[in-house]
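[1] Can you look at this prediction? I've put the sequence above it.
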Amino acid sequence: EVQLLESGGGLVQPGGSLRLSCAASGFTFSRYAMSWVRQAPGEGLEWVSVIIGSGDTTYYADSVKGRFTISRDNSRNTLFLQMNSLRAEDTAVYYCAKGSSSSWFQTDFDYWGQGTLVTVSS
Amino acid sequence: DIQMTQSPSSLSASVGDRVTITCRASQGISNYLAWFQQKPGKAPKSLIYGASSLQSGVPSKFSGSGSGTDFTLTISSLQPEDFATYYCQQYNTYPLTFGGGTRVEIK
């Protein structure tokens, strides 16, 4: 059974940093691209970033480019999102999502984690 | 960026009704279109990929169609567990983008 379990959310002041983790199980983690998707309170879904299976290639939404860094540790089956220079508008539930194939391009999501809440406020 | 426009933004329906939600892309995306269901306080659940293929375990009352720029999600006979918000998403091009969502409520 595929499981994705996010952690690391919490309350942080504007300008601060936070590191999210997503522990994966039930599949060969290194074979699949992984993404972060966020959802501000009462709002819709916004894709944040993707990383390919090997970790060599990453892409970011313009809204987080230069502030967030996605990475993965395939030996620990864990995905990360390092978030720096946080802003109030980054407040959201952050989900990790698994790509459905080994390709990072034109691949849908088949599994989602339960999410972790990040609140940026003074 | 490709804009995804869903309509309606909300609808009221009764148990047993047939419901159709539409999604329009601002440019052609072939069939790289997915649909998700989200219940309050829960993570999204993948329903359909490739515009019309059901994810494993998704009941056949859900169906999708379309290609290019215009897509639909149909629920053939609405059940109490189907009341939720539905999102479309294009995965043809980065950045991946979602529609604004359609909230399906009980009439």
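    Looks like it came in fine. Residues are numbered from 1 along each chain as shown, chains lettered A, B, ... in the order given.
[2] use CA for all of it now, contacts and neighbours both
    OK.
[3] Strands along chain B, start to end?
    B:4-7, B:10-13, B:19-25, B:33-38, B:45-49, B:53-54, B:62-67, B:70-75, B:85-90, B:97-98, B:102-106 (DSSP state E).
[4] Identify whichever of those strands lies nearest to A:Thr69.
    strand B:97-98 (19.4 Å; Cα to Cα).
[5] helices or strands next to the closest one in the packing?
    strand A:45-51, strand B:85-90 (3 or more Cα pairs under 8 Å, 6 or more residues apart in numbering or on different chains; DSSP states H and E).
[6] Each with direction, which strands does that strand pair with?
    strand B:85-90 (antiparallel) (DSSP bridges).
[7] residues making contact with the partner strand?
    With Cα atoms under 8 Å, 6 or more residues apart in numbering or on different chains as the test, strand B:85-90 has contacts from B:2, B:4, B:6, B:23, B:25, B:29, B:32-39, B:96-104.
[8] count of residues packed around the residue lying closest to A:Ser25 once chain neighbours are set aside?
    In space, and not counting its chain neighbours, A:Ser25 is closest to A:Gln3: 5.2 Å by Cα to Cα, 6 or more residues apart in numbering or on different chains. A:Gln3 has 16 neighbours, counted by other Cα atoms under 10 Å in any protein chain shown.
[9] Torsion angles phi and psi at A:Gln3?
    Here is the backbone geometry of A:Gln3 (degrees, to the nearest 10): phi -130, psi 140.
[10] quick one: it and A:Ala97, what's the gap?
    10 Å (Cα to Cα, to the nearest Å).
[11] Show me whatever sits in contact with both of the two.
    Common neighbours of A:Gln3 and A:Ala97, counting by Cα under 8 Å, 6+ apart, are A:Tyr111, A:Gly113.
[12] Now restrict the contacts of strand B:85-90 to buried residues only.
    B:2, B:4, B:6, B:23, B:25, B:29, B:32-38, B:96-104 (16 or more other Cα atoms under 10 Å in any protein chain shown).
[13] Just put the helices and strands packed on strand B:97-98 in JSON lines and tack on mean pLDDT, distance to A:Thr28 and mean neighbour count.
    As requested, the helices and strands packed on strand B:97-98 are arranged in JSON lines below (pLDDT from 0 to 100; distance: least, Cα to Cα, whole Å; neighbours: other Cα atoms under 10 Å in any protein chain shown):
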{"stretch": "strand A:45-51", "mean pLDDT": "97", "distance to A:Thr28": "15", "mean neighbour count": "25"}
{"stretch": "strand B:85-90", "mean pLDDT": "98", "distance to A:Thr28": "25", "mean neighbour count": "27"}
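[14] Can you add distance to A:Arg87 and give these back as JSON lines?
    Formatted as JSON lines, those follow (distance: least, Cα to Cα, whole Å):
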{"stretch": "strand A:45-51", "distance to A:Arg87": "15"}
{"stretch": "strand B:85-90", "distance to A:Arg87": "26"}
